[in-house]
Structure formats: structure tokens, C-alpha cells
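>>> Sequence and predicted model, in that order:
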Amino acid sequence: MINAPKPVQRHRRTDPDIWMIGRVDQFAVLATHLAQNNRLARWDSFWRHDGQGVIHPPARKLDPVLSDIPGRHLIPDLLGTAARKLRLPAHNLYSDVPLSLMAAAQLPKARILHGQGNYSLPAMRSAQQNGMITIADVTGQLAPIRAQQLAIEYQAHGRTYREISGFLARRRVAEAHFADAVFAPSDAVIDGLLKCGISPDKIFHIPFMSPLCQTLVNQERPAQPDATVRLLYVGNISIAKGIAALLDAWRALHAELRGPISLTLIGPVQPCAQALVKDLPDGCDWLGRRSSDEVAQHLLGADIFIFPSLSEGSSLATLEAMAAGCAVVTTFDAGSPVINQQSGLIVPPRNPGALTTAVSALITTPAMRRNIAQAARSQIKNMLETGYGNRVEMAYDTLLTRHG
């Protein structure tokens, strides 16, 4: 049975008891929460900062509460940057392997090691030998599942799907098998873990939450100057995101529906999808990369958010669209919390016809569109009441109870 975090008796001490290893993105939200609650002993990560010092890239600036937490590493960043500039094959090896080795070199005093990505296996082995509980946080599909989800679509575009590094992909699978517990952000990832042979008894379903949702969920949606139904996509423009199916569906919608409709694409174009955006159909605009504030305004102004991804862990953009009051159309493989026919519509991946039918129903039935959008906002409000950090802490306490 899959574990859903529930309040249990707290196993707390005055000393910090959590050791984290992972990237500076979704983990930053959790690290901040744990540091504020005096639970974070160490966070081994790539370079991060609080705005002070000589090296302070904007994307790595975090809450000052993390400034005294040890474990930030510059060398893996430098090696990874050099590998990318030199166009070395499997360039992630040059950053990820050094980070994993540096993390394992210093064992902090903690009760739980919470690892993300493929950086934790050496440290997990040492941690278990020293009595720590180990957690593998699987934020996206493991390599065998991604290959199943993406291979056919890549072939349709004359390409072969490959992982950047087979070694790192295999190690990520090994971490999930080795760990005492596995955290998954969505039903889609849970389904993939089960297919990879991970025991359901050690899987915890812990949905992500985007920090932007807290702002969007209470903002009033602006009145629009005309009757245009505005469709929006936010994310990388790539084969894996189902952009080909989205554009095919848009062509059908634009040809069949007489009312005013528009489609806006926001996000950087990946090399694999350059051909798809060279000649966009009428009524479709690509705006490229936009700031977080600009994306928020587009979400609040959109009527329908479409995210037909073929493989995902849990799309933060979909969560943000739900919080902004959009009616969402997505796939199961996109890993969103959408409840089909209630807080959104779920369609099969790689199916332009099903996508066209779902979006058409929302365009031509305004009451349905409004009801779904309102239900989506309410669902996000309920998720925010518990909070991502609190859900993780409840899972920690469950594990501490289970392991004595």
C-alpha cells in the first residue's frame, strides 16, 4: 500500500536531524522550511548563496536562513560548466559524480538522509551503516519508464531517445531500490516506480507545491477586453512536452471553431523542437522565456491551460495554472494533481484528437470551464493549507516511528 503522510507522534530533538543531498531548485523550498524549524543539519548541494560574497549568480540566491547550513560546493559546478563548454559527452557526469563523492566524504550527525537526483548512493551506504534512515526523492520518472514514454515520439521526429548519461540513470534506479523509503510527487511517478519493482510499502506520495501558487490562488483574475478564449502553454518547447500534439490540436481547433480563440506558448525552445516553431499556425504566438512575474500575469489572464507532456514528475506550471483559476487540460503522464472531470481534464498522451475534443468542450461550454477552474483553485488552496514542508515532516515522523 502506498503511504500518504499523516500526523503522527513527533520524534523531535533539539538538535537538527536531517541531512539533505540535492539540487538547488525544488529542494530549496524544503531546505528553507527545515532550517526555519531547526531540523536541517547539512545540505550538500551545488553552489548556493544568500546574496553575499564574490560568487552570487541570481538563480542560486536562497533564503538567508540557509546561510549557515554547511554543504555548498563550487567545484562540481565548475567541472560541469567546463564539460558543457567543451561539449563533452555525458557532461552531467562531471558535476554529479564529484558532488556525490564530496557529499559522502563528510558524514554529519543526523537521523535521516534525504537524497534527490543521482547524487546520494555513496552517502546512503555510509549513512545506513551508521544507523540513519535513507530516503530517495524521485522527482521525475526513472530512465526505463522515460524511455517507454518518449521513444515512439522521438522516432516520429526522426530521432532516437537517449539518456544524457546511462551511468547516472542506472544509479538513480539503484538509489530507489537501496533506500529505506522513496518519495514521489505524483501518481504518475508512483506508477513508474511500481513498474520498476519498487515495493509499494516504502513509497510515500508527497505532492510538490510551487511557491508562486500562494500568490496566485488569492489574486483576482482581470477582466478581459474582448470575448477571445485564451489558451496558454508554459514550459520547455520540446518533443517530450507533447508540443507536436498541441500544435496539431490547435490547427484543428482554429479550423473548426468560429469564435475568437488564441494560443500563447511561453518557454525556451529546445534544439529537438526548433522545426516545430519555425512555421507556427495562425493564431499561435510564441513569446520565448519570460520572467516569473510575466508568467503569473499570463496565467491569470488565460482561460485554458494546456500541458500535454509525455513524461513528467510533477509540473509546477500546471499547479500554478490551477492556482490562477485556469481550466487545465493535461495528461496522466504530466504528473499533475488534476482530478479528471472535476479540477481539470486528462487526455491520453500523443493524441491530438483527444486533446482537440477536450479543449473544444471547454471553449464551447463556458459553465463547464468556470466550474473546473473554480474546483482547481479550491484544490490548490487545500494543498496549501497543509504545505509541502509539513507533508515531508509528517513522512519523516512516520519513518522514525516505523524504524524505532
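Noted; the coordinates are in hand.
>>> Check the closest residue to Val269 other than its chain neighbours and give its pLDDT.
Using Cβ to Cβ, 6 or more residues apart in numbering and skipping the chain neighbours, the partner closest in space to Val269 is Ile237 (4.2 Å). Yep, even glycine has a C-beta here, placed from its N, CA and C like the rest. Note for Ile237: predicted pLDDT of 96.
>>> Help me confirm that Ile237 comes into contact with Pro271.
No - the criterion here is Cβ atoms under 8 Å, and Ile237 misses it with Pro271 at 10.4 Å.
>>> ok, Ala302 - contacts?
230-232, 264, 321, 324, 326 (Cβ atoms under 8 Å, 6 or more residues apart in numbering).
>>> Reformat the residues you listed as JSON lines; add distance to Ala373, pLDDT and secondary structure.
As requested, the contacts of Ala302 are exported to JSON lines (distance: Cβ to Cβ, whole Å; pLDDT from 0 to 100; DSSP: H, G, I helix; E, B strand; the rest coil):
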{"residue": "Arg230", "distance to Ala373": "12", "pLDDT": "97", "secondary structure": "strand"}
{"residue": "Leu231", "distance to Ala373": "13", "pLDDT": "98", "secondary structure": "strand"}
{"residue": "Leu232", "distance to Ala373": "13", "pLDDT": "98", "secondary structure": "strand"}
{"residue": "Thr264", "distance to Ala373": "17", "pLDDT": "98", "secondary structure": "strand"}
{"residue": "Ala321", "distance to Ala373": "9", "pLDDT": "98", "secondary structure": "helix"}
{"residue": "Ala324", "distance to Ala373": "9", "pLDDT": "98", "secondary structure": "coil"}
{"residue": "Cys326", "distance to Ala373": "6", "pLDDT": "98", "secondary structure": "coil"}
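>>> so which of those is the most crowded?
In terms of neighbours by other Cβ atoms under 10 Å, those top out with Ala321 at 35 neighbours.
>>> And the strands in the stretch 1-150 of the chain?
Assigned by DSSP state E, counting those that start in this stretch, the strands in the stretch 1-150 of the chain fall at 18-21, 40-46, 72-73, 112-116, 133-137.
>>> Tell me how many other residues crowd the residue nearest to Ser186 when sequence neighbours are not counted.
Distance criterion Cβ to Cβ, 6+ apart; nearest residue to Ser186, sequence neighbours excluded, is Gly335 at 3.5 Å. When neighbours are counted by other Cβ under 10 Å, Gly335 registers 30.
>>> Need the pLDDT of Gly335.
Looking at Gly335, its pLDDT is 95.
>>> unless I'm mixing things up, it is touching Ser314, no?
Yes - if you go by Cβ under 8 Å, Gly335 and Ser314 touch, sitting 4.2 Å apart.
>>> okay, and for the chain, where does confidence drop off?
8-14 (pLDDT under 70).
>>> can you list the domain ranges for it.
18-209+387-402, 213-384 (automatic domain parsing).
>>> From one end of the longest one to the other, what's the distance?
It stands for domain 18-209+387-402. One end of domain 18-209+387-402 to the other measures 17 Å (Cα to Cα, to the nearest Å).
>>> Could you shift the numbering so residue one becomes 22, and keep it that way?
Fine by me, first position is 22 from now on; the one you just mentioned is domain 39-230+408-423.
>>> who are the neighbours in contact with Arg132?
32, 38-39, 153-154, 421.
>>> Quick check: it vs Met153, distance?
In this view, Arg132 and Met153 are 6 Å apart by Cβ to Cβ, to the nearest Å.
>>> got the buried residues for the helix ranked longest in the chain?
Looking across the chain with DSSP state H, the single longest helix is helix 387-407. Of all the residues in helix 387-407, those buried under the rule 16 or more other Cβ atoms under 10 Å are 390, 393-394, 396-398, 400-401, 404.
>>> Next SSE downstream of that helix?
helix 409-423 (DSSP states H and E).
>>> List the neighbours of that next one that are in contact with it.
Contacts for helix 409-423 (Cβ under 8 Å, 6+ apart): 24, 26-32, 39, 50-51, 53-55, 58, 60, 132-133, 135, 154, 156, 201-202, 204, 225, 227-230.
>>> before we move on, the earlier item: will you turn the contacts of Arg132 into a markdown table that also has neighbour count?
Converted to a markdown table, the contacts of Arg132 look like this (neighbours: other Cβ atoms under 10 Å):
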| residue | neighbour count |
| --- | --- |
| His32 | 16 |
| Asp38 | 21 |
| Ile39 | 25 |
| Met153 | 24 |
| Ile154 | 19 |
| Leu421 | 18 |
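>>> Nearest to Leu278 among those residues?
Of all the contacts of Arg132, Ile39 has the smallest distance to Leu278: 52.1 Å, by Cβ to Cβ.
>>> Okay, and the beta partners of the closest one?
Leu61, Ile133 (DSSP bridges).
>>> contacting residues for it?
55, 60-62, 131-133, 135, 417 are the contacts of Ile39 under Cβ under 8 Å, 6+ apart.
>>> Nearest to Lys106, out of those: which one, please.
His135 (31.9 Å).
>>> Could you pull up the residues touching the closest one?
Neighbours of His135 in contact, by Cβ under 8 Å, 6+ apart: 39-43, 51, 156, 158, 204, 413.
>>> One more pass at 6 Å, please.
41, 156 (Cβ atoms under 6 Å, 6 or more residues apart in numbering).
>>> how about the residue lying farthest from the centre of the chain, secondary structure?
Each residue of the chain has a distance to the centre, and by Cα atoms, centre = their mean the biggest one is for Arg279: 36.1 Å. Assigned by DSSP: H, G, I helix; E, B strand; the rest coil, the conformation of Arg279 is coil.
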